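In: Quick check, what structure comes out for this input:
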Amino acid sequence: MKILLIPAAILSAALLLAACGGNPDKQGKQAPQTPSAEDFETMQGLYEESDEDHGRGPLTEWQYVDLDGDGVNEIRLRNTDGEYEAFFAHSGEAFELIGVATSRFKAYTREPQDGKGWWCKGGPAGGPSYYTEIITLQNSRITDRYYQMQVYDDFEGSLNGEDLDDAACRAYMDALPESKELEAGAWQLLKTE
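Out: Below you'll find the model as predicted:
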């Protein structure tokens with residue numbers, strides 16, 4: 001009986017590798033293990049060092065969210081009162097801060113398309129102005145950063161540090177899929193040990 005189990009286990013492993021094409025990239029697309037206390041400490045440090053508006057208190061809760069539809073989850077953290085949220089990508093090398101959302105500048109996303117996903121935030125920036133930020137992800141890596149300020153019907157922005165005029169901003173926005181709310185899963189307390 002034991003002799004039959006060993007070939008069956010080898011056959012199962014071979015079939016699993018064959019189904020993934022033997023490609024390590026496809027094999028690693030499962031949801032990652034729960035982040036460790038060290039991982040959360042790293043993300044907290046990135047959040048605190050960020051130039052973005054963020055709360056004084058620590059991030060205390062987390063959940064997974066797959067922004068680009070590649071099967072690798074990004075991590076969404078928030079503080080106790082839910083006023084600040086930070087989003088992180090982890091492509092297998094290191095954590096990268098995608099962005100920080102606030103009660104004023106809410107986070108949302110767009111339908112993944114052509115292997116790309118989007119993390120977005122926007123909100124009123126005072127007077128007649130409206131701020132928009134759009135981060136493009138592909139394979140759990142940030143590929144583009146777009147920032148836009150709209151005042152009345154005039155747009156100005158930048159894509160990866162290059163200034164865009166009104167027409168280029170409109171063309172960029174028109175090419176994106178429809179926006180949608182982030183789907184909130186169950187929040188979990190951060191692992192501290």
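In: what residue ranges in this protein score low on pLDDT?
Out: Within the chain, the segments meeting pLDDT under 70 span 1-32, 192-193.
In: Got phi/psi on the residue most central in space within the chain?
Out: For the chain, the residue nearest the mean C-alpha position is residue 74 (4.7 Å; Cα atoms, centre = their mean). The phi and psi torsions at residue 74 (degrees, to the nearest 10) take the values phi -90, psi 170.
In: Repeat that for residue 51.
Out: The phi/psi pair for residue 51 (degrees, to the nearest 10) reads phi -80, psi -10.
In: Quickly list what the closest residue to residue 52 other than its chain neighbours is bridged to.
Out: Once flanking residues are discounted, residue 52 sits nearest to residue 100: 4.2 Å by Cβ to Cβ, 6 or more residues apart in numbering. For glycine as for every other residue, the C-beta is placed from the backbone atoms N, C-alpha and C. Beta-bridge pairing for residue 100 (DSSP bridges): residue 86.
In: before we move on, what about residue 64?
Out: Bridge pairing for residue 64 - DSSP bridges - gives residue 75.
In: Pull the contacting residues for residue 148.
Out: For residue 148, the residues meeting the contact criterion (Cβ atoms under 8 Å, 6 or more residues apart in numbering) are 131-134, 155-157, 169, 173.
In: What's the separation between it and residue 189?
Out: According to Cβ to Cβ, to the nearest Å, residue 148 and residue 189 sit 36 Å apart.
In: right, and the residue nearest to residue 52 touches residue 86 too?
Out: Yes - applying Cβ atoms under 8 Å as the test, residue 100 and residue 86 come out as touching, 5.1 Å apart.
In: Find the pair from the contacts of residue 148 with maximum spatial separation.
Out: Spatially, the most separated pair among the contacts of residue 148 is 134 and 156, at 14.5 Å (Cβ to Cβ).
In: Comparing these two, which residue is more hemmed in?
Out: Taking neighbours as other Cβ atoms under 10 Å, residue 134 and residue 156 compare with residue 134 leading, 24 against 15.
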